[in-house]
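S.K.: predicted model follows, preceded by the sequence.
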Protein chains: 2
Amino acid sequence: MSESMDYKSAGVDIEAGNEAVRRIKQHAASTHAKAVLTGLGSFGTMYSLRDAIEGMRDPVMVQSTDGVGTKTKVSVMARRYEDLGRDLVAAVAGDIAVMGARPLTFLDYVGMHKIESAVMEELVRGMSAACVEAGISLVGGETAEMPAVYAKDDLDVVGFVTGVVDREKVLTGAGIVAGDVLYGVSSSGLHTNGWSLARKVLFERGGYTVDECPEELGGASLADVLLAPHANYVMAIRKILDAGIPVKGMAHITGGGLVENVPRILPEGLGALIDRRTWAPQPIFGLMQKIGSIEDLEMHRTFNMGVGLVIVAPAGLQRELEAAMAEFSALRVWELGRVEPLVDPRDAGVKFGGV
Amino acid sequence: MSESMDYKSAGVDIEAGNEAVRRIKQHAASTHAKAVLTGLGSFGTMYSLRDAIEGMRDPVMVQSTDGVGTKTKVSVMARRYEDLGRDLVAAVAGDIAVMGARPLTFLDYVGMHKIESAVMEELVRGMSAACVEAGISLVGGETAEMPAVYAKDDLDVVGFVTGVVDREKVLTGAGIVAGDVLYGVSSSGLHTNGWSLARKVLFERGGYTVDECPEELGGASLADVLLAPHANYVMAIRKILDAGIPVKGMAHITGGGLVENVPRILPEGLGALIDRRTWAPQPIFGLMQKIGSIEDLEMHRTFNMGVGLVIVAPAGLQRELEAAMAEFSALRVWELGRVEPLVDPRDAGVKFGGV
């Protein structure tokens, strides 16, 4: 008689999964607003919208999903996962915060070779911390053990965020006119974009390990610089909007960099002229550009180059923006440039000057 | 001077990604309710809640996320992706439909070795078709090309669904009492659970290819039987609830099978006695059990065994349920068994009789 087969012998360990779920629940519970009506054990998660939409004439649900790209590979190299959890929340929540929405709930999906409770706990601890900072309830998620899809130690993480905003308060950029100013808010490093190129440049061509401290980085290790979590802009954006600053549009500088993300909020016929001398990208960007002999434009459409958020508003508001964000000491504000009419509609939406 | 590096040489093809996005948008647009306020190009997606929550005293948002496990591997073997898209929607939307929620929006995440526009289009065509069937708007998604994480041809797909229900109409199973009947609704096959074991049994131990037609399957190929898309219960559930049938709770039979999913809706102190003679699982289950010498209990906690949905309601409602679901000709209804008091609280929540 042949040996009896079961799910565990097929490479799926349900008990390890259950232990991970127990730890996840503990961290997630720390993020729950009163509006969360159930734990994570049911078929779906429940969140009462009543308080969140009170007084809204036309509540609009704003949603986004994203992963963190192959930044996961660097986390695996350094065996550090907590900041990857923070990254996921900040990256995805930022996408709806720039539309004026207040994020309410977050769900995550983690696909991995083998469920390791310690890794899952680090991930969810990071997600939970970032959710608490942003006023988001981590309501659910799914962990899938797929040894046949993910190589040993490999994983993919995906986040889903949902928020609400009254329709009349949605920020679309429609009111932007020539002469408006682009205020840049600092990133904390690469955030979650450009990692395939970054890894190739630093670890293949550069030959570095994550523990090395290239002199260009002033004593910090590559792991520390690279894994610095994505700046969490949610509460800073809320402060700016609550302060009544007349923001016309905001762009989250993600995949495609300044080059592709700023035009997403500009009305037709308008472009941006950005003065490269107005801010200094972190040293990691110069190090990668040098090693990879990467062209300037390619740098600016692959990486955020030190600017994670662009706020478009009338001129003369830098001090007000700084005051509104005073409690977020890591966030700096620069006047990057201005909105201008496009001379030729076939022009690229962003031009760089001052290089 | 060393060769200049860019994002494409690092293995990421932005142009191919853009082409996939164009095709995706076309299919997704076919699913959009009037409430969808933007296309997919913005930072987040927008859906007006006004009509969906009209008249609700306390609108509750119900959400779920999941993948389809390593069923992706079988799709890759057969190079058929459309039904995988259908699977994803039906699997995830079913999780909130059983709570009484009306699903409104769906977002997907696809992580793959290399973005192939044709594969993406098949996937999204399937998702869009399933969304239309279920009255869901496919509002957004993300496709990530990660050659370093996914092996050649490999991919992972993740879905995220959001719906609403008035708080007083949430189905939790709290009103279930001993004597209530478990009505089972047929599955279309394995759905999206148990695939690691299924692949190991059929393709490793069994030595089959996806194109073979084992005689136990009555002439159908393994690909046809295995890739039959997950039954889409959303509209059937809506018909049942709209018909006023006094449903007390519903369980979506996913990972963990009848054994783990039925107890999720049973109040403390109650269990289920299921008579195995009341329905006949599809031949694929018997074939797997035979090849893998898999124990009965393991079969029932790994696979759905032909039952994808369990409805708990008072006795005597089978005809009403059948009438409400008449237009869904693929769905059959069986009386599986009854709710009983647990004699010992340490007992498992589900017992099988009649074997």
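M.R.: Nice, thanks for sending it over. Numbering: from 1, shown residues only, chains lettered A, B, ... in the order given.

S.K.: from here on, just use CA atoms for contacts and neighbour counts.
M.R.: Fine.

S.K.: Provide the secondary structure category for the residue of the stretch 101-250 of chain A found nearest chain B.
M.R.: Chain B sits closest to residue A:197 of the stretch 101-250 of chain A, with a gap of 5.1 Å, by Cα to the nearest Cα. Assigned by DSSP: H, G, I helix; E, B strand; the rest coil, the conformation of residue A:197 is helix.

S.K.: also residue A:60?
M.R.: strand.

S.K.: dig out what it forms beta bridges with.
M.R.: residue A:165, residue B:48 (DSSP bridges).

S.K.: all strands of chain A, in order?
M.R.: Using DSSP state E, the strands of chain A run over A:45-48, A:59-67, A:102-112, A:137-145, A:155-166, A:181-186, A:249-252, A:270-275, A:307-313, A:333-341, A:350-353.

S.K.: so what strands line up beside the third one?
M.R.: With DSSP bridges as the criterion, the sheet partners recorded for strand A:102-112 are strand A:137-145 (parallel), strand A:155-166 (antiparallel).

S.K.: what does the stretch 151-300 of chain A have sitting close to chain B?
M.R.: A:151, A:154-156, A:158, A:160, A:167, A:194, A:196-197, A:200-201, A:251-252, A:264, A:292-295, A:298 (Cα under 8 Å from any Cα of the partner chain).

S.K.: buried members of the residues you listed into ChimeraX, please.
M.R.: Buried residues within those, by 16 or more other Cα atoms under 10 Å in any protein chain shown, are selected in ChimeraX with:
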select /A:151,154,155,156,158,160,167,194,196,197,200,201,251,252,264,292,293,294,298
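
S.K.: how is chain A carved up into domains?
M.R.: A:8-169, A:181-353 (automatic domain parsing).

S.K.: just the ones you listed: most buried one?
M.R.: domain A:8-169 (a mean of 22; mean count of other Cα atoms under 10 Å in any protein chain shown).

S.K.: mean confidence (pLDDT) on that domain, please.
M.R.: Averaged across domain A:8-169, the pLDDT comes to 91.

S.K.: pull the contacting residues for residue A:59.
M.R.: Going by Cα atoms under 8 Å, 6 or more residues apart in numbering or on different chains, residue A:59 touches A:53, A:164, A:165, A:166, A:167, B:48, B:49, B:50.

S.K.: still on that earlier bit, out of the strands paired with strand A:102-112, flag the one nearest residue B:83.
M.R.: For these, distance to residue B:83 was read as Cα to Cα. The smallest value, 20.2 Å, belongs to strand A:137-145.

S.K.: C-alpha coordinates for stretch A:71-80, PDB please?
M.R.: C-alpha atoms of stretch A:71-80 as PDB (Å, rounded to 0.1, in the frame of the first residue of the first chain):
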ATOM      1  CA  LYS A  71      12.700  45.600  -2.000                       C
ATOM      2  CA  THR A  72      11.600  42.200  -0.500                       C
ATOM      3  CA  LYS A  73      14.900  40.800  -1.800                       C
ATOM      4  CA  VAL A  74      16.900  43.300   0.200                       C
ATOM      5  CA  SER A  75      14.900  42.600   3.400                       C
ATOM      6  CA  VAL A  76      15.600  38.900   2.900                       C
ATOM      7  CA  MET A  77      19.400  39.600   2.400                       C
ATOM      8  CA  ALA A  78      19.400  41.600   5.700                       C
ATOM      9  CA  ARG A  79      16.800  39.300   7.400                       C
ATOM     10  CA  ARG A  80      14.900  42.400   8.500                       C
END
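
S.K.: contacts for that stretch, please.
M.R.: With Cα under 8 Å, 6+ apart as the criterion, stretch A:71-80 contacts A:81, A:84, A:122, A:153-157, A:192-193, A:195, A:199, A:210-211, A:223, A:226-227, B:148-149.

S.K.: repeat that for 10 Å
M.R.: If you take Cα atoms under 10 Å, 6 or more residues apart in numbering or on different chains as the criterion, stretch A:71-80 is touched by A:81-84, A:87, A:119, A:122-123, A:153-157, A:190-196, A:198-199, A:203, A:209-211, A:222-224, A:226-227, B:148-149.
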